[in-house]
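K.L.:
would you be able to build a 3D model of this:
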Amino acid sequence: MDEQNRWLHMASAPRDGSRILVTIRPSEQGPAEVDLAYWSNGDQFGTEGWRASDSAPGRIIEYAEPELKCWMPMPLASLTRASMPSPWEGDATQQLDGSGI
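P.N.:
Got it, this is the predicted structure:
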């Protein structure tokens, strides 16, 4: 599979502020989802960590490390692909990024 279009281990995710796609683990609040996120070094609005890309100052959505299963670079623009990729649904026993919770 093309490196640009596959899910990767969270340990390899860039922590330079660039936007990436992440799979959020399923939880009591709902099924697995894909979100657009970035690493923040922290500022007056929050500590360092993964934030949703649509966060606004004072209204930050932060993800704890165990909430994120894997990541993927932003897909290239394509006129035939108008939606986000599906969340990673591989073998639940396969760990891409550690034990989670």
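K.L.:
center of the protein - which residue?
P.N.:
For the chain, residue 22 is the residue whose C-alpha lies nearest the centre (C-alpha atoms, centre = their mean; 1.8 Å).
K.L.:
pretty sure it is in contact with residue 33, am I right?
P.N.:
No: using C-beta atoms under 8 Å as the test, residue 22 is too far from residue 33 to be in contact (9.1 Å). Placement of C-beta: from N, CA and C, glycine included.
K.L.:
pretty sure the residue nearest to the centre of the chain belongs to a strand, no?
P.N.:
Yes: following the definition DSSP: H, G, I helix; E, B strand; the rest coil, residue 22 is counted among the residues of a strand.
K.L.:
now the element after the lengthiest strand in the chain, going C-ward?
P.N.:
When the chain is parsed with DSSP state E, its longest strand is strand 33-40. Sequence-wise, the next helix or strand downstream of strand 33-40 (DSSP states H and E) is strand 49-52.
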